[in-house]
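# Sequence first, predicted coordinates after that:
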Amino acid sequence: QVQLVESGGGLVQAGGSLRLSCEASGLPTNTYAMGWFRQAPGKEREFVAVIKWDNGRTYYADSVKGRFTISKDNAKKSTYLQMNRVKAEDTAVYYCAAETPTTAESKGVMTHPDYWGQGTQVTVSA
């Protein structure tokens, strides 16, 4: 059974930093990518960042490019999201996600991930 457990959320002042962690268990050995999404109150869930598991290539939403950094630890099957220079509009529940090669190839990378975490709240105060 696959489990993704996020941690590291909390309250942070605008301009500050926060680091989210996602620890995975039970992931298939051929995991294609892991990523982060977020959902703000009253809005749809949106893509934030993705990292390919084999070569570490990363992609970001324009809204976080240059401020957020996604990374991974293969040995721990974990991914991290370093959030710098946060803004009020970064306030959301942040979700970790993972997908298999089959899903990535058939539906597009990180469009319909196979696995989701429960989410961790990030609140940015002005």
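Received the coordinates, thanks.

# Need the residue closest to the centroid of this structure.
Closest residue to the average C-alpha location of the chain: residue 36 at 1.6 Å, with CA atoms, centre = their mean.

# So which residues of this protein form helices?
101-107 (DSSP state H).

# could you pull out the strands for it?
Applying DSSP state E to the chain gives strands spanning 3-7, 10-13, 18-25, 33-39, 46-52, 58-60, 68-73, 78-83, 92-99, 115-116, 120-125.

# From the opening residue of stretch 36-50 to its closing one, how far?
End-to-end distance for stretch 36-50: 6 Å, by CA to CA, to the nearest Å.

# pLDDT on it, on average?
Averaged over stretch 36-50, pLDDT sits at 97.

# contacting residues around that stretch?
Stretch 36-50 has contacts (CB atoms under 8 Å, 6 or more residues apart in numbering) with 20, 22, 33-35, 58-61, 64, 68, 70, 79, 81, 89-97, 109-110, 119, 122. All C-beta spots, glycine's among them, are computed from the backbone N, C-alpha and C.
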